[in-house]
Each structure stands twice: as C-alpha cells, then as structure tokens.
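Asks: sequence-free structure coming up:
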C-alpha cells in the first residue's frame with residue numbers, strides 16, 4: 001500500500017510540474033506579445049514623420065494605369081496555377097537564369113502559367129524578349145522599389161481578367177527559388193481544399209518602421225498605427241484565386257509601397273472568412289536552396305545566390321546530386 005501511495009504521489013507531483021511548466025510557457029508567450037506592443041509604441045515616439053527614401057518616382061495608385069506589354073491569356077481549361085515574378089526591367093540576366101533553372105520545371109507542366117512583371121523604362125531588348133518567351137507583363141510606371149505595389153496590382157488584375165479557371169496565384173521574388181514538386185506535394189496532400197487562404201511565412205505583431213533612412217519606412221500619414229496586421233512575407237506567398245476580386249475591390253488609391261503588408265495584411269483582413277497559414281519552415285528566404293537535403297518534403301522556397309553564374313552552376317550541381325537519390329523530386333535538367 002505504501003508503495004502504491006508513493007507511486008501515486010510521484011505521478012501527482014509530475015503532473016503538477018507539467019502543469020506549471022505549461023503555465024509558465026503560456027505566461028511567457030502572453031508577455032512576449034505585451035513586450036512587443038510596448039516596444040513598438042515606445043520606440044516609434046523617437047522617430048520623425050518623414051521618410052528620406054521616398055522617391056519622386058513613387059506614385060499614387062490610379063485605375064488608369066496601363067499595361068504596355070502583355071503575356072498570352074490563360075487557357076481556361078488548362079491553367080490552374082499562375083505564378084508571377086516582379087523584377088527590374090534591366091535585370092535580363094536574372095530572368096534568363098530563372099528561365100533556365102527552377103522555372104523550367106514549371107513550364108513543362110501545362111497547368112502552370114508564369115510571367116515576369118516589369119516597369120519603365122522600356123529597354124531596347126524588351127520587345128524581342130517578350131516576343132521570344134511570351135512571359136512579360138510591362139506596366140506604365142517607373143521601375144522603383146517604391147512602386148512595387150503597382151506591379152503586384154497589375155499582375156493580380158491581369159490574372160483576374162485573363163485566367164478565369166485558375167485555382168492558385170503565387171507571387172515569387174527573383175532572389176529565391178521555388179520547387180514545383182514540393183509545392184504540389186504540399187497542396188495535394190491537404191485534407192481539405194484551400195478556400196480564401198494565404199500561405200507563406202506569415203508574421204504577427206510586426207512593428208511599423210519609422211526610421212527615415214530605411215526602405216521600409218512608412219510615414220504616419222500613410223499608415224498611422226504602430227503595428228501592422230498579420231501578413232505574409234512578400235518573397236513568396238500563395239493566394240487562392242477566390243481572394244483576387246475581394247482584394248482588388250478594396251485596393252486603396254493612396255500610396256503604399258510595402259506590397260506584402262498591403263495585399264496579405266491590410267486588404268486580406270477586409271475579406272470575410274479569410275484564412276492565413278504560416279509555413280515558416282517551407283518558405284525560407286535565408287538558407288540557400290542547395291544547403292537542404294534532396295527530399296520531396298523539403299522547403300517549397302529557398303534562397304538563391306546573388307551572382308547569376310554562381311546560381312546557375314550551383315542549381316545544376318544540386319539537380320545532378322539529387323537525381324541519384326530516392327524519394328526526391330522529379331528532374332528534367334536539360
């Protein structure tokens with residue numbers, strides 16, 4: 001009997017310890033939110049209400065914005081996925097490198113429609129490039145980091161008007177790579193179809209930057225609160241196509257250059273029953289793609305290399321390495 005009592009008391013003590021551990025973790029989690037909010041509110045009081053990096057080339061949104069070059073419309077019964085890459089117009093080598101590497105696998109799947117989003121100026125070679133590859137959307141604004149929201153708007157609007165049967169829209173930065181097979185594994189293995197959903201590396205309680213020299217600086221006359229609503233980082237996110245019309249219908253006329261905050265945060269939050277799924281381990285913009293093992297369940301997105309020649313060399317080396325390992329993604333390297 002004494003032994004049984006001792007065992008029971010030891011079990012109760014263990015349960016109490018577990019309870020207190022969970023309680024402490026919960027308190028720390030709640031306190032971290034409070035500390036973050038306090039920091040955001042206090043730190044911003046020391047900054048002025050001006051952003052030095054605001055450019056003259058930055059412009060307010062207008063419904064009269066024009067597209068100069070267009071890709072071919074989607075085929076209604078074919079294209080299910082539309083992927084677009086905002087990139088500087090003069091980065092021809094970057095576009096060519098993307099076409100030769102991770103984009104090649106997407107183009108071999110008829111369900112995918114992919115295009116680049118460019119802005120002014122119109123360089124000499126752009127019309128020939130667009131005619132050759134048929135994957136360019138060129139818009140009538142000056143190419144600037146501060147006008148990237150206009151690129152995203154025109155891309156989303158073009159998709160909404162020209163891709164009636166699309167299921168998913170994917171926005172990808174040019175400095176990451178996307179693995180098609182890993183993307184498909186993620187989407188096809190879900191129990192329920194995604195509806196009004198954004199998937200990416202999503203953040204909450206993100207402080208608004210007021211430091212005047214930062215490219216992320218946001219003047220108070222554009223956005224007054226000190227904390228952004230939850231949003232997904234812009235280097236890659238996935239939208240279900242049923243979000244396109246609601247997001248476009250709420251698009252503001254005032255200037256707002258942080259497209260990820262705008263699209264996946266401010267505008268998406270206005271959509272009824274919108275859901276946000278954060279997959280920080282599947283959307284990695286820091287670790288280079290070839291640092292990961294060759295596996296179908298690896299990250300959907302990983303960092304590229306800034307040097308184009310190095311990127312191409314390491315991409316094909318990685319593909320050759322992975323081609324000889326089981327349970328990896330399918331490869332068509334050449």
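Replies: It's in. From a predicted model like this one, the values you see are computed outputs, not experimental measurements.
Asks: the helices in the chain, which residues?
Replies: Applying DSSP state H to the chain gives helices spanning 2-43, 92-100, 102-107, 126-133, 148-162, 180-188, 244-249, 259-260, 308-323.
Asks: May I see those helices organised as TSV, with mean pLDDT added?
Replies: Output for the helices of the chain, formatted as TSV (pLDDT from 0 to 100):
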stretch	mean pLDDT
helix 2-43	70
helix 92-100	98
helix 102-107	94
helix 126-133	96
helix 148-162	96
helix 180-188	93
helix 244-249	97
helix 259-260	96
helix 308-323	95
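Asks: Residue 301: which of those is closest?
Replies: The minimum distance between residue 301 and the helices of the chain falls on helix 180-188, with 8.6 Å, by C-beta to C-beta. For glycine as for every other residue, the C-beta is placed from the backbone atoms N, C-alpha and C.
Asks: still on that earlier bit, looking at the helices of the chain, spot the one closest to residue 174.
Replies: Nearest to residue 174 among the helices of the chain is helix 92-100; the distance by C-beta to C-beta comes to 5.2 Å.
Asks: what about residue 200, neighbour count?
Replies: Neighbourhood size, residue 200 [other C-beta atoms under 10 Å]: 27.
Asks: could you dump the helices of the chain to CSV with mean neighbour count and distance to residue 233?
Replies: Below are these laid out as CSV (neighbours: other C-beta atoms under 10 Å; distance: least, C-beta to C-beta, whole Å):
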stretch, mean neighbour count, distance to residue 233
helix 2-43, 10, 17
helix 92-100, 18, 19
helix 102-107, 18, 19
helix 126-133, 15, 28
helix 148-162, 21, 13
helix 180-188, 17, 17
helix 244-249, 16, 17
helix 259-260, 22, 6
helix 308-323, 16, 21
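Asks: Reformat those helices as a markdown table; add distance to residue 273.
Replies: Listed next are the helices of the chain as a markdown table, based on distance: least, C-beta to C-beta, whole Å:
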| stretch | distance to residue 273 |
| --- | --- |
| helix 2-43 | 24 |
| helix 92-100 | 35 |
| helix 102-107 | 30 |
| helix 126-133 | 38 |
| helix 148-162 | 19 |
| helix 180-188 | 20 |
| helix 244-249 | 10 |
| helix 259-260 | 21 |
| helix 308-323 | 39 |
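Asks: of these, which approaches residue 200 most closely?
Replies: helix 259-260 (8.4 Å).
Asks: what's in contact with that closest one?
Replies: Outside helix 259-260, the residues that touch it by C-beta atoms under 8 Å, 6 or more residues apart in numbering are 148, 149, 151, 152, 231, 232, 233, 234, 237.
Asks: OK, contacts around the second one?
Replies: Contacts for residue 149 were tallied using C-beta under 8 Å, 6+ apart; they are 61, 256, 257, 258, 259, 262, 263.
Asks: how far away is it from residue 296?
Replies: To residue 296, residue 149 is 34 Å away according to C-beta to C-beta, to the nearest Å.
Asks: Next: the last one.
Replies: As judged by C-beta to C-beta, residue 237 and residue 296 stand 21 Å apart.
Asks: More neighbours: those two, which one.
Replies: Ranked by neighbour count (other C-beta under 10 Å), residue 237 and residue 296 place residue 237 first, with 25 against 14.
Asks: how far away is the more buried one from residue 200?
Replies: Using C-beta to C-beta, residue 237 is found at 3 Å from residue 200.
Asks: for residue 279, same thing?
Replies: 7 Å.
Asks: next one: residue 74
Replies: Residue 74 sits 23 Å away from residue 200, taking C-beta to C-beta as the criterion.
Asks: Pop the domain breakdown of this protein in here.
Replies: Per automatic domain parsing, the domain ranges recorded for the chain read 2-46, 67-323.
Asks: Now do the last one: distance to the chain's middle.
Replies: Think domain 67-323. In terms of C-alpha atoms, centre = their mean, to the nearest Å, the centre of domain 67-323 is set 5 Å apart from its chain centre.
Asks: picking up where we left off before, okay, the contacts of residue 149 in CSV with distance to residue 79 next?
Replies: Below are the contacts of residue 149 laid out as CSV (distance: C-beta to C-beta, whole Å):
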residue, distance to residue 79
61, 27
256, 30
257, 30
258, 29
259, 23
262, 26
263, 21
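Asks: what's the lowest-pLDDT member of those?
Replies: Note: of the contacts of residue 149, the lowest pLDDT belongs to residue 61, at 66.
Asks: so the residue most central in space within the chain bridges to which residues?
Replies: What sits nearest the mean C-alpha location of the chain, by C-alpha atoms, centre = their mean, is residue 236, with 2.3 Å. Listed beta-bridge partners, residue 236: residue 172 (assigned using DSSP bridges).
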